[in-house]
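Participant: show me how the following folds:
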Amino acid sequence: MIVLPLSAEGGVDFSGEIQTIWGASVSGTDNNTSAGRFLLGETSFTGTLDAYYDKSSAFAEAAVSYDATSNQLDWRVNELWLDYTASFWGIRIGRQKTAWGKADGIDITNVICPKDMSSFSSMTSDNSKLAIDALRLSFTGNQFTLDAYWIPFFTPSKLPLDEGNQLRKFIIPENSPYPMSLGTIEKPEIDIWNGEYGLKVSGYFPLMDVSLYGFYGWDDTPVLDYNITAQGIQINGKYKRLSMIGIDMAIPVKEIVIRTEAAFFPQKYFSVIEQRNEISALAGVDWMPSSWTLTAQYFCDYVFGSLVQLERSKAYTHGMTINVSKTFINETLELSLSGLLNFNDLDSFISPAAEYSLSDQIKLSCGAYIFIPGSENDGEYGKYKDLSSAYIKAKFNF
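Facilitator: Residues are numbered from 1 along each chain as shown. You can find the predicted model right below:
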């Protein structure tokens with residue numbers, strides 16, 4: 001990190017990260033793939049500029065990346081905002097990221113920022129969330145905080161819709177008996193009436209931390225509509241309104257932290273015209289004895305009413321996640337294992353990894369992403385079985 005002092009009360013910090021990851025398939029079940037085919041080959045640079053003076057600050061983060069598997073160069077502004085913080089209130093305006101909820105890797109109340117699902121490297125990134133253009137007002141008390149968001153411009157999730165994208169087949173099936181084509185994805189009009197709104201109220205008490213959430217905006221992923229034409233089946237999409245109210249709690253019990261989270265989605269769109277009430281929930285436990293870290297979670301989701309005309313075969317879906325890690329050699333080596341099991345189809349995801357710090361700036365790691373289909377159906381995670389891969393990664397921070 002480079003620090004340029006402005007005065008006793010201010011300064012400018014510049015930091016960055018260079019990362020490269022290469023990964024090859026370990027699965028050959030798909031006729032279009034074979035073991036050894038490269039699925040990951042991305043090199044990226046991320047730069048961060050943090051300026052602050054007295055009660056004001058500004059933050060900028062941008063990244064440029066090159067994907068060797070698709071021969072594509074991409075650049076993006078991750079965050080760009082201004083902030084003013086007084087004794088009990090603050091305001092932040094610009095492109096920013098925020099995370100709701102206390103779940104680990106599972107989205108329950110965390111609906112405010114969309115996802116980047118445009119590539120395999122984005123999906124497997126530690127931070128696949130995109131920023132939103134928002135104005136945030138914050139109020140702080142001794143035991144309570146309140147954050148209110150106005151999001152005037154809608155930012156959808158990034159989907160793998162480009163020709164040649166290895167994930168496109170999960171949206172537009174390749175093995176359909178009828179020719180399938182992508183039509184139009186209709187976005188909300190850019191006007192003041194189509195904004196999004198969010199509210200988070202948090203309380204911090206000796207026995208627990210608790211947060212309440214409210215959101216009114218747009219679903220980050222479009223509802224798809226399949227239309228039969230003379231040329232085959234055309235897929236069109238439209239973004240629909242989304243409402244959510246949620247709650248989470250964290251309760252420390254000696255060395256263990258118990259986490260719970262729940263969200264209710266009234267009249268959520270599951271097709272162009274079909275709406276249903278939906279509830280999602282999670283319960284988890286964190287334990288960090290000595291150099292170990294153990295996390296386990298149970299999550300579930302229920303859709304009320306008939307499933308007829310919905311692209312969903314089960315009203316109640318559930319599963320569990322587990323993460324185990326341990327450090328060695330003065331915390332320079334970390335071994336970890338992450339796993340997810342879907343109880344409905346018994347499909348799963350397993351990710352072992354090892355990371356070694358050569359220095360404070362350089363880290364080398366290797367691991368695997370393994371998708372295992374269920375015994376009868378591929379399932380939500382098993383459908384990615386042909387993306388099972390082993391990888392190596394190098395990272396330099398400054």
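Participant: tally of neighbours for the closest residue to Lys187 other than its chain neighbours?
Facilitator: Excluding its sequence neighbours, the residue lying closest to Lys187 (Cβ to Cβ, 6 or more residues apart in numbering) is Tyr239, at 5.9 Å. No exception for glycine: its C-beta is placed from N, CA and C like everyone else's. Residues near Tyr239, counting by other Cβ atoms under 10 Å, number 21.
Participant: phi, psi of Tyr239?
Facilitator: Dihedral pair for Tyr239: phi -80, psi 140, per degrees, to the nearest 10.
Participant: next, Asn194: phi, psi?
Facilitator: According to degrees, to the nearest 10, Asn194 has phi -100, psi 20.
Participant: my error: substitute Tyr381 in the last question.
Facilitator: Note on Tyr381: its backbone torsions stand at phi -100, psi -30 [degrees, to the nearest 10].
Participant: Ile132 now?
Facilitator: Dihedral angles (degrees, to the nearest 10) for Ile132: phi -120, psi 150.
Participant: isn't it right up against Thr155?
Facilitator: Yes - counting by Cβ atoms under 8 Å, Ile132 does reach Thr155; the two are 5.3 Å apart.
Participant: can you give me the distance of the residue nearest to Lys187 to Pro266?
Facilitator: Per Cβ to Cβ, to the nearest Å, Tyr239 is found 17 Å from Pro266.
Participant: again with Asp248
Facilitator: Asp248 sits 19 Å away from Pro266, going by Cβ to Cβ.
Participant: who's more crowded, those two?
Facilitator: Higher neighbour count among Asp248 and Pro266: Asp248, with 23 against 13, using other Cβ under 10 Å.
Participant: tell me which element the closest residue in space to that one that isn't next to it in sequence falls in.
Facilitator: The shortest distance from Asp248 to any residue other than its chain neighbours is 4.0 Å, reached at Glu261 (Cβ to Cβ, 6+ apart). Per DSSP states H and E, Glu261 falls inside strand 256-269.
Participant: any buried residues in that strand, and which?
Facilitator: Residues 257, 259-265, 268-269 are the ones in strand 256-269 that count as buried (16 or more other Cβ atoms under 10 Å).
Participant: helices or strands next to that strand in the packing?
Facilitator: Here strand 256-269 touches strand 241-253, strand 275-287, going by 3 or more Cβ pairs under 8 Å, 6 or more residues apart in numbering; DSSP states H and E.
Participant: can you show me the CA trace of the last one as CSV?
Facilitator: Right, the one you point to is strand 275-287. The C-alpha coordinates for strand 275-287 follow below in CSV (Å, rounded to 0.1, in the frame of the first residue of the first chain):
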residue,chain,number,x,y,z
GLN,A,275,-46.8,-14.9,-8.7
ARG,A,276,-46.3,-16.8,-5.5
ASN,A,277,-45.3,-16.0,-1.9
GLU,A,278,-41.9,-17.3,-1.0
ILE,A,279,-40.0,-17.7,2.2
SER,A,280,-36.3,-18.5,2.7
ALA,A,281,-34.4,-19.2,5.9
LEU,A,282,-31.0,-20.3,7.2
ALA,A,283,-29.5,-21.4,10.5
GLY,A,284,-25.8,-21.6,11.0
VAL,A,285,-23.0,-22.1,13.6
ASP,A,286,-19.4,-20.8,13.6
TRP,A,287,-16.7,-22.2,15.8
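Participant: report the inter-axis angle for that strand versus strand 256-269.
Facilitator: Strand 275-287 and strand 256-269 meet at an angle of 170 degrees, taking axes from the mean of the first three to the mean of the last three Cα atoms, to 10 degrees as the criterion.
Participant: so where do the helices sit in the stretch 251-398 of the chain?
Facilitator: 379-382 (DSSP state H, counting those that start in this stretch).
Participant: low-scoring stretches of it, by residue?
Facilitator: Within the stretch 251-398 of the chain, not a single segment meets pLDDT under 70.
Participant: follow-up on the earlier one: who's in contact with the residue nearest to Lys187?
Facilitator: 154, 156, 185-188, 218-223 (Cβ atoms under 8 Å, 6 or more residues apart in numbering).
Participant: over to Tyr84?
Facilitator: 55-57, 90-92.
Participant: ok, now with 10 Å
Facilitator: Going by Cβ atoms under 10 Å, 6 or more residues apart in numbering, Tyr84 touches 54-57, 90-93.
Participant: least confident of the residues you listed?
Facilitator: The member of these with the lowest pLDDT is Asp54, at 90.
Participant: my read: that one touches Glu9, true?
Facilitator: Yes - between Asp54 and Glu9 there is a contact under Cβ atoms under 10 Å: 5.1 Å.
Participant: out of the helices and strands packed on strand 256-269, which is closest to Leu39?
Facilitator: Ranking these by their distance to Leu39 (criterion: Cβ to Cβ) puts strand 275-287 first, at 29.6 Å.
Participant: which secondary structure elements does that closest one contact?
Facilitator: strand 241-253, strand 256-269, strand 292-303, strand 316-328 (3 or more Cβ pairs under 10 Å, 6 or more residues apart in numbering; DSSP states H and E).
Participant: could I get the buried residue list for that strand?
Facilitator: 276, 278-284, 286.
Participant: partner strands of it, with direction?
Facilitator: strand 256-269 (antiparallel), strand 292-303 (antiparallel) (DSSP bridges).
Participant: roughly how far apart are the residue lying closest to Met288 once chain neighbours are set aside and Pro289?
Facilitator: Nearest residue to Met288, sequence neighbours excluded (Cβ to Cβ, 6+ apart): Glu255, at 7.0 Å. Per Cβ to Cβ, Glu255 is found 6 Å from Pro289.
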